[in-house]
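Participant: need a structure here:
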Amino acid sequence: QVQLVESGGGLVQPGGSLRLSCIASGFTFSSADMSWYRQPPGKERELLARIFSSGGNTIYADSVKGRFTISKDNAKNTLYLQMNSLTPEDTAVYYCNVRLGISIVRPYWGQGTQVTVSS
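Facilitator: The predicted model follows:
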């Protein structure tokens, strides 16, 4: 059974930093491409960053490029998102994501963790 459990969200002042974690189980973490998404209030969920299992290459949304860093620790089955220089526009629920399957690929989501950037 695939499980993704996010943590690390909270209230932070503008300009501050947070590190989100996502502990994964139920699949071969080291072989999976992993992603972070977020959903701001009243808006659609958007892809922020993805890390590929082959070579560890990463991609980022323009809105977070240079401020956020995605990484994974295969020994701990944990995905991270280091977020720096946070602004109120980063306020959202943040979700960990993995897509699994061969002939049919389906997404799996964690429960999300709330990040609020406010003074």
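
Participant: most centrally placed residue in this structure?
Facilitator: With distances taken as C-alpha atoms, centre = their mean, residue 36 lies nearest the centre of the chain, 2.5 Å away.

Participant: check contacts around that residue.
Facilitator: Applying C-beta atoms under 8 Å, 6 or more residues apart in numbering to residue 36 gives the contacts 20, 22, 47-50, 68, 70, 79, 81, 94-97. Bear in mind the C-beta positions are built from the backbone N, C-alpha and C, glycine included.

Participant: which among these end up buried?
Facilitator: Those of the contacts of residue 36 that meet the buried threshold are 20, 22, 48-50, 68, 70, 79, 81, 94-97, by 16 or more other C-beta atoms under 10 Å.

Participant: wait, which of these is closest to residue 31?
Facilitator: residue 79 (13.5 Å; C-beta to C-beta).

Participant: which phi and psi does the closest residue to that closest one other than its chain neighbours have?
Facilitator: Closest residue to residue 79 apart from its sequence neighbours, by C-beta to C-beta, 6 or more residues apart in numbering: residue 22 at 4.2 Å. Main-chain torsions, residue 22, degrees, to the nearest 10: phi -140, psi 110.

Participant: close enough to count as contact, residue 22 and residue 96?
Facilitator: Yes - Residue 22 lies in contact with residue 96 (C-beta atoms under 8 Å); the separation is 3.4 Å.

Participant: now do the shared contacts for those two.
Facilitator: With C-beta under 8 Å, 6+ apart as the test, residue 22 and residue 96 both reach 4, 5, 6, 34, 36, 79, 110.

Participant: where does the first one land in three-state SS?
Facilitator: To tie it back to what came earlier, the one meant is residue 4. Three-state call for residue 4 (DSSP: H, G, I helix; E, B strand; the rest coil): strand.

Participant: the residue lying closest to it once chain neighbours are set aside - how many residues pack around it?
Facilitator: Of all residues not flanking residue 4 in the chain, residue 110 sits nearest, at 3.6 Å (C-beta to C-beta, 6+ apart). By other C-beta atoms under 10 Å, the residues close to residue 110 number 21.
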